[in-house]
Every structure is written in C-alpha cells, then in structure tokens.
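Peer 1: Have a look at this prediction, sequence included:
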Amino acid sequence: MILQILQDALFAAIAAIGFAAISRPPRRAYLYCAIIAAVGHSTRFIMMHEQFFSMNIVLATFLASFFVGSLAVFLSPVARTPAETCLFPALLPMIPGIYAYKSFGGLAMCIFGNDESSFSHYFYLFAQNGLTCLFILLGMVIGATIPIFIFKKVSFQATR
C-alpha cells in the first residue's frame with residue numbers, strides 16, 4: 001500500500017512539473033509545485049482507498065484541493081512566488097480526464113445509436129460521467145480557492 005501511495009505521489013509530482021513548465025514560473029517554484037502536487041494527489045488517493053476512508057471521488061477531491069490550496073498559500077512566501085504559481089500546476093494532475101473521456105464517448109454513442117434502448121444506456125453513461133466530471137471540477141475550484149480567501153494576508157504576502 002505504501003508503494004502505491006509513493007507511486008501516486010511521484011507521478012503527480014512529475015505531472016505538476018510538466019504543467020508548471022508550460023507557464024514558466026521561477027525555477028525555485030518547481031520543487032514546491034511538485035511537493036504540493038504529490039501531497040495533494042496522494043491525500044486524495046488515501047481518502048478514496050477502501051482501507052482508509054473509502055470516500056467518494058468528488059468529496060475526496062474537494063478536501064484534497066482544499067489541502068493543496070492551503071499548502072500553496074503557506075509555502076508561497078517560502079518560494080517567494082504568488083500562491084497561484086504553485087497551486088494551479090499542483091491541481092492539474094487531479095483533473096478527471098477519464099470521466100470527461102467516457103462522457104464524450106457516451107455522447108458519441110448516443111448520436112450513432114440505432115435503437116432507443118442503446119440510446120438510453122449511452123445517454124445514462126454520458127450523464128453519469130459528465131456530472132461526475134463537472135462536480136469534481138467544481139470541487140477542485142472551490143476547494144482550492146477557499147484557502148486563498150481565508151488566509152488573505154498570507155496569500156498576498158509573497159506579492160508585496
């Protein structure tokens with residue numbers, strides 16, 4: 001189990017560094033992006049695993065995003081960058097790509113379906129995966145921005 005958590009953290013850190021490279025932050029921010037992403041993604045992994053909390057992916061993502069936002073706010077003065085510089089690349093590995101993919105796959109099968117029963121089945125898959133994807137994204141956005149507003153003085157300390 002520990003190996004799975006470490007593996008999840010490593011892949012999240014690598015993805016965060018790749019996402020951070022797109023926006024070209026200062027070099028000192030890459031390490032913080034990787035650490036925040038690794039801790040946040042593995043936190044979600046632990047909360048979702050049945051041996052620990054067995055939480056729904058939406059709630060686990062919301063709580064992990066809140067944790068990622070809090071870490072970004074408190075590590076931003078150390079990194080001497082705005083909190084968003086470390087926050088956004090650390091959140092991107094948690095984007096629910098498989099749900100979006102399955103949602104559009106279900107939509108395509110709805111369009112190309114021949115009978116009503118297959119249409120109903122694929123529309124159900126489209127709606128279920130689409131709503132799950134939507135609520136995960138909403139949880140990520142809300143969970144990550146709450147710490148920025150709660151800890152406003154710390155959050156904007158790095159930009160002064």
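Peer 2: Perfect, I can see it now. Everything numeric in this text was worked out from a predicted model, so none of it was measured.

Peer 1: Grab the nearest non-local neighbour of Val141.
Peer 2: Nearest residue to Val141, sequence neighbours excluded (CB to CB, 6 or more residues apart in numbering): Ser65, at 7.8 Å. Using the backbone N, CA and C atoms, a C-beta is placed for each residue, glycine as well.

Peer 1: wait, the one you found sits on Gly143?
Peer 2: Yes - counting by CB atoms under 8 Å, Ser65 does reach Gly143; the two are 3.1 Å apart.

Peer 1: what about the residue nearest to Val141, distance to Pro25?
Peer 2: 20 Å (CB to CB, to the nearest Å).

Peer 1: Can you pick out the residue with more neighbours from these two?
Peer 2: Using other CB atoms under 10 Å as the criterion, Ser65 and Pro25 rank with Ser65 on top: 27 against 20.

Peer 1: Can you give me the pLDDT of the more buried one?
Peer 2: Ser65 carries a pLDDT value of 97.

Peer 1: Give me the buried stretch members for stretch 20-37, please.
Peer 2: Residues of stretch 20-37 classed as buried under the neighbour-count rule (16 or more other CB atoms under 10 Å) are 20, 25, 29-30, 32-37.

Peer 1: Tell me the one among the residues you listed nearest to Ser118.
Peer 2: Closest approach to Ser118 among the buried residues of stretch 20-37 (CB to CB): Ala37, at 39.8 Å.

Peer 1: now the closest one, nearest residue through space, not along the chain?
Peer 2: Leaving aside its sequence neighbours, Ala37 sits nearest to Ala16 (CB to CB, 6+ apart; 3.3 Å).

Peer 1: Just confirm that neighbour contacts Thr85, I think it does.
Peer 2: No - look at Ala16 against Thr85 with CB under 8 Å: they stay out of range, at 11.6 Å.

Peer 1: who has more neighbours, the two?
Peer 2: A side-by-side neighbour count of Ala16 and Thr85, using other CB under 10 Å, places Ala16 first with 29 against 22.

Peer 1: low pLDDT regions in the protein?
Peer 2: Within the chain, the stretches with pLDDT under 70 are 155-160.

Peer 1: Which other helices and strands does the helix of greatest length in it contact?
Peer 2: Taking DSSP state H as the criterion, the chain has its longest helix at helix 116-150. Other helices and strands packing on helix 116-150, by 3 or more CB pairs under 8 Å, 6 or more residues apart in numbering; DSSP states H and E, are helix 57-79, helix 83-91, helix 97-112, helix 152-155.

Peer 1: Just the buried positions in it, please.
Peer 2: Using 16+ other CB under 10 Å as the test for burial, helix 116-150 gives 122, 125-126, 129-130, 132-133, 135-137, 139-140, 143-144, 147-148.
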